[in-house]
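*Asks:* okay, structure incoming, though there's no sequence with it:
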């Protein structure tokens with residue numbers, strides 16, 4: 001592998017001049033720049049990214065911390081973030097935390113020591129005291145962490161109420177709720193919307209834990225329908241659990257949507273791959289990831305101290321599972 005000294009020798013310049021060309025810093029005559037770039041190309045020279053990061057205290061790399069790579073919601077966020085960061089010259093390193101605070105802190109501490117340029121985090125366990133000593137920009141995505149940390153979120157409560165209002169307009173009077181993890185903010189807000197709507201309409205509150213998982217969503221739905229056969233609608237806290245509810249209904253011989261309506265939340269691509277296709281509260285998933293990446297990029301390049309909070313809205317996506 002060619003060295004920077006060999007590039008300098010071939011181009012007839014000093015090592016310092018090659019370094020200025022590589023780092024795009026300092027004056028270099030255009031003819032000299034062309035000669036250096038030609039030598040780099042002919043020799044196949046690859047700059048030592050580790051050495052450069054140590055010298056510049058930057059790595060053109062960001063970390064993206066997510067809780068569950070198996071949930072299809074998060075890969076869609078990853079795609080959006082990479083679509084912004086890659087053209088800007090940044091590599092995105094993905095970390096799966098399983099909502100484990102110890103793992104999250106280890107990832108952040110380890111990558112910060114390697115001069116990572118910033119983080120996007122989806123976390124319900126990290127708090128301000130965990131992050132205040134981190135001296136690179138951080139953007140919270142999907143879940144708000146602290147007013148001092150920029151964020152991109154949606155209005156989960158309003159989206160939940162709109163979903164249930166639609167189910168009621170379609171004739172559902174006995175609506176159960178498949179709830180997500182009780183420590184996750186998005187789950188808590190969607191459940192709060194459900195409970196408030198049931199109380200406002202003097203309807204029974206029927207909740208079962210589904211942990212945002214397909215298998216548990218299916219099992220919990222079977223329990224709900226077995227214990228409360230009068231249920232005519234299920235509002236699931238995410239699409240994955242809603243698809244589990246569809247599977248449960250099929251196993252029990254219950255026709256969706258004729259006998260049971262099923263409403264999801266998220267708008268992941270899986271919702272169109274099932275039969276019947278899933279009616280859901282669709283989050284602007286791509287836009288959320290894009291905006292978080294743009295916020296982080298702006299803080300890295302321009303104003304790291306500027307804090308901004310963006311709250312987006314859901315859209316009712318009517319398909320076939322609610323009648």
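*Replies:* Perfect, thanks for sending it. Fair warning: this is a prediction, and the values are worked out from it, not measured in the lab. Residues are numbered from 1 along each chain as shown.
*Asks:* now the helices for the stretch 151-300 of the chain?
*Replies:* Using DSSP state H, counting those that start in this stretch, the helices of the stretch 151-300 of the chain run over 156-169, 185-200, 214-227, 239-252, 285-301.
*Asks:* as TSV, these with mean pLDDT would be great.
*Replies:* What follows is these, written out as TSV (pLDDT from 0 to 100):
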stretch	mean pLDDT
helix 156-169	98
helix 185-200	97
helix 214-227	97
helix 239-252	97
helix 285-301	95
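*Asks:* after the helix or strand bottoming out on mean pLDDT in the chain, which helix or strand is next?
*Replies:* The helix or strand of the chain with the poorest confidence is helix 49-56; it has a mean of 50 (mean pLDDT, DSSP states H and E). Of the helices and strands lying after helix 49-56 in sequence (DSSP states H and E), the nearest is strand 61-66.
*Asks:* by contact count, what packs against that next one?
*Replies:* helix 73-85, strand 91-96, helix 101-112, strand 118-121 (3 or more C-beta pairs under 8 Å, 6 or more residues apart in numbering; DSSP states H and E). In short, each C-beta sits where N, CA and C put it, glycine included.
*Asks:* point out the most buried one among these.
*Replies:* Comparing those by mean neighbour count (mean count of other C-beta atoms under 10 Å), strand 118-121 comes out on top with a mean of 26.
*Asks:* that strand pairs with which strands?
*Replies:* Strand 118-121 pairs in its sheet with strand 61-66 (parallel), strand 138-141 (parallel), by DSSP bridges.
*Asks:* out of those strands, the one nearest residue 28 is which?
*Replies:* strand 61-66 (26.2 Å; C-beta to C-beta).
*Asks:* avg pLDDT for the closest one?
*Replies:* Here strand 61-66 scores 95 as its mean pLDDT.
*Asks:* what are the contacting residues of it?
*Replies:* With C-beta atoms under 8 Å, 6 or more residues apart in numbering as the test, strand 61-66 has contacts from 74, 77-78, 81, 85, 90-97, 104, 107-108, 111, 114, 116-123, 296, 300.
*Asks:* residue 284 contacts residue 152, correct?
*Replies:* No. In this structure residue 284 lies outside contact range of residue 152 using C-beta atoms under 8 Å: 9.9 Å.
*Asks:* which neighbours do those two have in common?
*Replies:* What both residue 284 and residue 152 touch, as defined by C-beta under 8 Å, 6+ apart, is the set residue 312.
*Asks:* so between the two, which is more surrounded?
*Replies:* Each of residue 284 and residue 152 has its neighbours counted (other C-beta atoms under 10 Å); residue 152 has more, 28 against 17.
*Asks:* so who does the more buried one touch?
*Replies:* 139, 140, 141, 142, 288, 291, 292, 295, 310, 312.
*Asks:* and the pLDDT for it?
*Replies:* 98.
*Asks:* picking up where we left off before, so among the contacts of residue 152, which ones count as buried?
*Replies:* 139, 140, 141, 142, 288, 291, 292, 295, 310 (16 or more other C-beta atoms under 10 Å).
*Asks:* so what touches stretch 37-49?
*Replies:* Under C-beta under 8 Å, 6+ apart, the answer for stretch 37-49 is 1-4, 6-8, 10-11, 21-22, 59-60.
*Asks:* from residue 32, how far off is the spatially closest residue to residue 11 that is not a sequence neighbour?
*Replies:* Spatially, and ignoring its direct neighbours in sequence, residue 11 is nearest to residue 39 (4.0 Å; C-beta to C-beta, 6 or more residues apart in numbering). Distance, residue 39 to residue 32, using C-beta to C-beta, to the nearest Å: 11 Å.
*Asks:* give me the neighbour count for residue 132.
*Replies:* Using other C-beta under 10 Å: residue 132 sits among 11 other residues.
*Asks:* which of the helices or strands spans the closest residue in space to it that isn't next to it in sequence?
*Replies:* Spatial nearest neighbour of residue 132, excluding adjacent residues (C-beta to C-beta, 6+ apart): residue 148 at 7.8 Å. Using DSSP H and E, residue 148 sits in no helix or strand.
*Asks:* ok so, going back, overlap in contacts of residue 39 and residue 32?
*Replies:* Contact criterion C-beta under 8 Å, 6+ apart; residues shared by residue 39 and residue 32: residue 11.
*Asks:* who has more neighbours, the two?
*Replies:* residue 39 (21 against 17).
*Asks:* so how far is the host helix or strand of the more buried one off the chain centroid?
*Replies:* Assigned by DSSP H and E, residue 39 belongs to helix 30-43. Distance of helix 30-43 from the chain centroid (C-alpha atoms, centre = their mean, to the nearest Å) equals 41 Å.
*Asks:* and for stretch 170-185?
*Replies:* 22 Å.
*Asks:* domain assignment for this protein?
*Replies:* Listed domain ranges for the chain are 4-47, 57-154+285-312, 156-283 (source: automatic domain parsing).
*Asks:* of the ones you listed, which is nearest residue 322?
*Replies:* Nearest to residue 322, of the domains of the chain and by C-beta to C-beta, is domain 156-283 at 4.2 Å.
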